[in-house]
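Enquirer: kindly generate the corresponding structure for this input.
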Amino acid sequence: MNSKYIYLSISLLCKMGINIFVVFFVAKKVSISDFGSFSLAFIFSSLGILLLDYGFNLKSLILSGKKEQEINRNLSLMVSGKIIVSLASLIFFIPFLLFNTYDDITNKIIAILVFSAIPASFGNFYLNSFKIVNRFDKEAIGYIIQGGLLFVLLFINEFFGKNDIIYFAYILALIRVVYFLYSVLVFNKSFSTTLKLEISKVFTILKNATPYAIHLILGASIIYIDTFILSLLSSIEDVGLYQAGMRIIMASMLIAVIISDAFIPEISGLLQKREEVKLKLAKLFEFVMFFSFLAIATVFFYDRTIIQLLFSEEYLVLENFTIYILSIMFLRYIGIVPGIILTCYGRQDLRAKAVIVSVIFSIMFNLILIPVMGIKGAFLSSLAAHIVLNIIYVFGSLRIQGFIKLEKNHFFLLLLFVLNVLLQKLLFRDILFDLILTAIINLILLGIYYKGRMLIGLLPFYNKL
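Expert: This next block holds a predicted model:
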């Protein structure tokens, strides 16, 4: 397996431990109400990281293949831009913190996690920059440090601390600071950047990055806007339950991080070879669809076990919303390849417009449905927003580059999927042991798919895996 994918996989697993595991861990340790407060603060923090990112992480990947001097110059301008965005964000955030209507505990957690978003964002940018020069190991090491420290601190807290959301917030803040310090150390050793504030150039790069930033922030808002409105129109307990469902979706989508990080630089360097790009994207889309079918079937047949495993029996009411969770999952999988196409071909403006339209639809549906239907209204609103987003994404990307190609071997993939579903339906039950068996079977099916593609010389990742 290519070392790039090994390091990307390591990064992904550590991200899961930090951004997903910590949420599930907190959910099992505190009440639904406290989890609602922590989730709300975590969302503010996540949006803060995306805002401070300002699309620079994606935009910097396009520098792959450029001369060293040009890379350093652009990275310097991006760092300056991030500093300006950070200062501007604090000017707006502090008044919000002082005058919002959340309770004191929720506000305290929001403050801790949002302020720690600043070092986390800079750390992400510094380590992400190594992907430009194919040094994927640096980011992997950073996440190993962050993830390892997280588990150590949670272990210590288990015996010497207490199950308090304030404690968990401080732990998360501390690992972000350590992660930032590591990133600064390795970045300064490898890149020659300066912090000269060239106002015109900095504002130019901010302007160019704005479509990326709008897409990232508003794209996340599609998932988060429901929670904000729910927190205003319903109880904090409903926020906890709804976010539990959203976290299942986010956990299932972690593979999208590896795919995007790996393929955006590769496709960006092949834009003149349209047929080769089309073939690569078609096989990638095929793989994503096959993987999504397996993931969705697993959640469908084992929803009760997964909820109890990740959360507790208090959250079993989420079974009533499984169909909405699975529908949103599927739509997000569909959007992976179109998103890569729009990014590689510099159509972030279209992505931004698509997200803006989707967020507007989401707000409208949330304001109408949540007062009447509660959590169900939030799920329906999110589903409607994702439908609108995918319609624009798919048709917009197809006008730029084709990626859907029907082949005879797709019948073979369909057969594998149907056999898997029949096996789970007829022989397995919704228990942990059978869930583990199903996960093993899914890995075997993916292996069969991989070998089958290798035999006919049409690997989705070619020689990368």
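
Enquirer: mind jotting down where the helices sit in the stretch 251-400 of the chain?
Expert: 255-268, 274-301, 303-310, 322-334, 336-344, 348-373, 375-398 (DSSP state H, counting those that start in this stretch).

Enquirer: can you tell me which helices and strands the second one packs against?
Expert: Contacting helix 274-301 under the criterion 3 or more CB pairs under 8 Å, 6 or more residues apart in numbering; DSSP states H and E are the following elements: helix 236-252, helix 255-268, helix 322-334, helix 336-344, helix 410-427, helix 432-455. Heads up, the C-betas are built off the backbone N, CA and C, glycines and all.

Enquirer: which parts of the second one are buried?
Expert: If I follow you right, that is helix 255-268. Within helix 255-268, the residues scored as buried using 16 or more other CB atoms under 10 Å are 255-256, 258-268.

Enquirer: okay, the angle between that helix and helix 322-334?
Expert: 20 degrees (axes from the mean of the first three to the mean of the last three CA atoms, to 10 degrees).

Enquirer: what's the angle between helix 255-268 and helix 274-301?
Expert: Going by the same axes, to 10 degrees, helix 255-268 makes 180 degrees with helix 274-301.

Enquirer: coming back round to it: nearest to residue 87, out of the helices of the stretch 251-400 of the chain?
Expert: helix 348-373 (23.4 Å; CB to CB).

Enquirer: what comes up buried for that closest one?
Expert: 348, 350-355, 357-359, 361-363, 365-366, 369-370.

Enquirer: that helix: how far from the chain's middle?
Expert: Put simply, helix 348-373 sits 19 Å off its chain's centre (CA atoms, centre = their mean, to the nearest Å).

Enquirer: who does that helix touch, helix- and strand-wise?
Expert: Here helix 348-373 touches helix 199-233, helix 336-344, helix 375-398, going by 3+ CB pairs under 8 Å, 6+ apart.

Enquirer: mind running it again at 6 Å?
Expert: Helices and strands touching helix 348-373, by 3 or more CB pairs under 6 Å, 6 or more residues apart in numbering; DSSP states H and E, are helix 199-233, helix 375-398.

Enquirer: now the helices of the stretch 251-400 of the chain as CSV including distance to residue 97 and mean pLDDT?
Expert: Output for the helices of the stretch 251-400 of the chain, formatted as CSV (distance: least, CB to CB, whole Å; pLDDT from 0 to 100):
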stretch, distance to residue 97, mean pLDDT
helix 255-268, 30, 72
helix 274-301, 37, 84
helix 303-310, 30, 90
helix 322-334, 31, 92
helix 336-344, 33, 83
helix 348-373, 23, 87
helix 375-398, 25, 90
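
Enquirer: could I get those as a markdown table with distance to residue 23?
Expert: A markdown table is the format used below for these (distance: least, CB to CB, whole Å):
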| stretch | distance to residue 23 |
| --- | --- |
| helix 255-268 | 16 |
| helix 274-301 | 17 |
| helix 303-310 | 9 |
| helix 322-334 | 16 |
| helix 336-344 | 22 |
| helix 348-373 | 22 |
| helix 375-398 | 18 |
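
Enquirer: among those, which is nearest residue 202?
Expert: Among the helices of the stretch 251-400 of the chain, the nearest to residue 202 by CB to CB is helix 348-373 (18.9 Å).

Enquirer: next, the angle from the closest one to helix 336-344.
Expert: Using the same axes, to 10 degrees: helix 348-373 against helix 336-344 is 140 degrees.

Enquirer: mind starting the numbering at 50 from now?
Expert: Yep, numbering from 50; the last one is helix 397-422 now.

Enquirer: which residues sit in contact with residue 330?
Expert: The neighbours of residue 330, taking CB atoms under 6 Å, 6 or more residues apart in numbering as the test, are 386, 452.

Enquirer: rerun at 7 Å
Expert: 386, 390, 450, 452 (CB atoms under 7 Å, 6 or more residues apart in numbering).

Enquirer: and for residue 484?
Expert: So residue 484 contacts 351, 354 (CB under 7 Å, 6+ apart).

Enquirer: quick check, pLDDT for it.
Expert: On pLDDT, residue 484 comes in at 90.

Enquirer: comparing the helices and strands packed on helix 323-350, which stretch has the densest surroundings?
Expert: helix 385-393 (a mean of 24; mean count of other CB atoms under 10 Å).

Enquirer: between that one and helix 248-282, how many degrees?
Expert: Between helix 385-393 and helix 248-282, the angle comes out at 150 degrees (the same axes, to 10 degrees).

Enquirer: can I have helix 385-393 written out in CSV, keeping just the CAs?
Expert: Extracted C-alpha coordinates of helix 385-393, given in CSV (Å, rounded to 0.1, in the frame of the first residue of the first chain):
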residue,chain,number,x,y,z
ILE,A,385,-17.9,13.4,-2.2
VAL,A,386,-16.9,13.0,-5.9
PRO,A,387,-18.8,16.1,-7.2
GLY,A,388,-17.1,18.1,-4.4
ILE,A,389,-13.7,16.9,-5.5
ILE,A,390,-14.5,17.9,-9.1
LEU,A,391,-15.7,21.4,-8.2
THR,A,392,-12.6,22.0,-6.0
CYS,A,393,-10.1,20.7,-8.5
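
Enquirer: returning to what we had before: of all the helices and strands packed on helix 323-350, which one comes closest to residue 252?
Expert: Here helix 385-393 is closest among the helices and strands packed on helix 323-350 (CB to CB), at 22.6 Å.

Enquirer: tell me what that closest one is packed against?
Expert: Other elements packing on helix 385-393 under the criterion 3 or more CB pairs under 7 Å, 6 or more residues apart in numbering; DSSP states H and E are helix 304-317, helix 323-350, helix 397-422, helix 424-447.

Enquirer: repeat the analysis, applying 10 Å as the threshold.
Expert: helix 105-110, helix 248-282, helix 304-317, helix 323-350, helix 397-422, helix 424-447 (3 or more CB pairs under 10 Å, 6 or more residues apart in numbering; DSSP states H and E).

Enquirer: tell me the first helix or strand C-terminal of the shortest one.
Expert: It refers to helix 105-110. Downstream of helix 105-110, the next assigned helix or strand under DSSP states H and E is helix 117-148.

Enquirer: what residues of that next one count as buried?
Expert: Residues 120-132, 134-135, 138, 142, 146 are the ones in helix 117-148 that count as buried (16+ other CB under 10 Å).

Enquirer: show me which of the contacts of residue 330 is closest to residue 82.
Expert: residue 386 (39.7 Å).

Enquirer: any idea how many residues pack against the closest residue in space to that closest one that isn't next to it in sequence?
Expert: Leaving aside its chain neighbours, residue 386 sits nearest to residue 334 (4.5 Å; criterion: CB to CB, 6 or more residues apart in numbering). For residue 334, the number of neighbouring residues by other CB atoms under 10 Å comes to 21.

Enquirer: repeat for the one 4 residues further on
Expert: Residue 338: 19 surrounding residues under other CB under 10 Å.

Enquirer: do I have it right that it meets residue 454?
Expert: No - the pair residue 338 and residue 454 fails to qualify as a contact (CB atoms under 10 Å) at a distance of 11.8 Å.
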